[in-house]
Structure formats: C-alpha cells, structure tokens
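Participant: Sequence first, then the predicted structure:
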Amino acid sequence: MNSNESLKSKAIRLRLRGKTYSEINSKLPKKIPKSTLSEWFKKLVFTETQKNNLKTHVQNKIKKSQLIAVKVIRQAKVDRLNVLRSKNIFILPLLDVNIQKAMLSILYLGEGSKSKSSQNMTLGNSNPQIIKLYLTLLKNCFKIDMSKFRVRIQCRADQNIRELESYWKEVTKIPAKQFYPTYIDKRTLGKPTHKVNYRGVCAITYFDRSIQYELELLSESMLKYILKGR
C-alpha cells in the first residue's frame, strides 16, 4: 500500500470513528486538503451508531469552539475597559476639595430638588453609589451637622419596608431616628416589582438651604463658563 493509500485508509478509519476534518488532519503525518478528504469520504456508508457518534462529536466540537469564542470576547472586553480606565487614571490625584465641590454642584443640578419654598435641600436616587457619593462629597466640601439629615424611603407596594429601611440605614450611616416613615407609592398596588435589585428611592434631606444656594450658583456659573460663545 503506497503512502497516499495509507493516508486515505487511516483518514477513513478516523472518520468512521466520528472525528472531524480538523481532528483527522491533526492525527495524520501531513495535512490533507478538505476537498480531498471530502472526496475520500463521499462514498462512506455509516451505521446508525456511527452517524450518532459523528453528530455528537461535531456538536461537542461546536460547543467547545463557542465557549472559547465567548472567553476570547470577554477577555477582549476586559482589555478594552482596562485601556479606557487607565486612559483617565491621571485625573484621580487632581480631585481636591474644589473639584469635588464642582462635582457636587453638578450632581445636585441633575438629581437634587429645586424647590424655592422649602428651608432644606433634598436629593433622591435609587442607586446606592449615587447616595454614598452625595453624602461623601457633602462631608468633604462643607462642615456638616449629621443631626440635620433626614431620610425618607419611597418604595413600591409589594416591597418589604423593614428590609428596605435596614438596607438604606446601612448605606447612609444615618441613625434610624432620623428616618421618616417610608412612603409607599399607591399607584403600584397590585403591580409586582420585576426589577430584582430595586430597593426603592432614598431621599436625603439636609436642613441648610445655604448649601443648596451655593451649589446652584456654582453650577450656574460653570455652565455659563463652559457654554459661553455657543
């Protein structure tokens, strides 16, 4: 038997065992073009067991390839995010109290209450990170009296009030005696909450309107400065 016949014979045996073209080539002493393999295999007659084995083997191969592809895509995403993260890392040491006050003014511009009739300032959000950022910036930029804080949780009708209050007390570190009774949105009666991690809205009130005025004037000045000439 010449070398080509030997290769063909070995390739056919591997194919009958359910091996894919790439696997067959990996076991042969030299690579055979797929067109040649296809020609060699076109007259093969498979038993039902061989057909099932081949089908299962191909499916497993596809699943393995898909898992590898997903892993590669995930790693590529991580790499892209790391590049973006490192791109602006130099800014962090520049975040002194003046920059933090600017951040706070813009945060309040977007999320804070603009009421002129009240003697206090209020900011509400459902994101615990936003609430933590707001409280941290307030403490970093102003002389804060913790006793002037009040908190009200706004939630949906089917939520556990005690769990929500406990959660936000831990997030804010504000004493329980400074929490108002939780407000339940009556419009949600009979409507289940589908968002799994939704813990209502935490509204933080601070009894010092002068801080709100200062933040509003600062954000107004920054907007004029940035947008001038446009």
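Facilitator: Yep, that arrived. Residues are numbered from 1 along each chain as shown.

Participant: Please make it C-alpha for all contacts and neighbour counts, starting now.
Facilitator: OK.

Participant: In the protein, where is pLDDT below threshold?
Facilitator: 1-2, 117, 229-230 (pLDDT under 70).

Participant: Please spell out which residues along the longest helix that the chain contains are buried.
Facilitator: Counting residues, the longest helix in the chain under DSSP state H turns out to be helix 48-87. Under the neighbour-count criterion of 16 or more other Cα atoms under 10 Å, helix 48-87 has 53-54, 57 buried.

Participant: Outline the domain layout of this protein.
Facilitator: With domains defined by automatic domain parsing, the chain comprises 3-84, 95-227.

Participant: looking at these, which is buried most?
Facilitator: Looking across the domains of the chain with neighbours counted as mean count of other Cα atoms under 10 Å, the highest average goes to domain 95-227: a mean of 16.

Participant: chain center to it, what's the gap?
Facilitator: 22 Å (Cα atoms, centre = their mean, to the nearest Å).

Participant: How far does that domain stretch from one end to the other?
Facilitator: When the termini of domain 95-227 are compared using Cα to Cα, to the nearest Å, they are 22 Å apart.

Participant: The chain should start at 4 in everything you say after this.
Facilitator: From this message on, residue numbering opens at 4, which makes the last subject domain 98-230.

Participant: Tell me if residue 168 really is in a helix.
Facilitator: Yes - membership of residue 168 in a helix is supported by DSSP: H, G, I helix; E, B strand; the rest coil.

Participant: mind listing what it touches?
Facilitator: 156, 185 (Cα atoms under 8 Å, 6 or more residues apart in numbering).

Participant: cool, and the one 3 residues further on?
Facilitator: Contact analysis of residue 171 by Cα under 8 Å, 6+ apart lists 131, 205.

Participant: Please apply the same query to residue 161.
Facilitator: 191-196.

Participant: do residue 22 as well
Facilitator: Here residue 22 is in contact with 57, 60-61 (criterion: Cα under 8 Å, 6+ apart).

Participant: SS state for it?
Facilitator: Residue 22 ends up coil, using three-state DSSP.

Participant: swap in the one 4 residues further on?
Facilitator: In the three-state summary, residue 26 is assigned as helix, counting by three-state DSSP.

Participant: Please tell me how far it sits from residue 64.
Facilitator: 10 Å.

Participant: Would you map the helices across the protein?
Facilitator: Going by DSSP H, the chain shows helices at 6-19, 24-30, 37-44, 51-90, 100-114, 131-144, 164-175, 212-230.

Participant: May I have the longest strand along the chain as CSV, with CA atoms only?
Facilitator: Secondary structure of the chain per DSSP state E: the longest strand is strand 152-159. The C-alpha trace of strand 152-159 is given here as CSV (Å, rounded to 0.1, in the frame of the first residue of the first chain):
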residue,chain,number,x,y,z
PHE,A,152,-30.1,64.9,58.0
ARG,A,153,-33.5,63.3,57.4
VAL,A,154,-34.2,60.3,55.2
ARG,A,155,-37.3,59.0,53.5
ILE,A,156,-37.6,55.8,51.5
GLN,A,157,-40.1,55.7,48.6
CYS,A,158,-41.0,52.2,47.6
ARG,A,159,-43.4,50.0,45.7
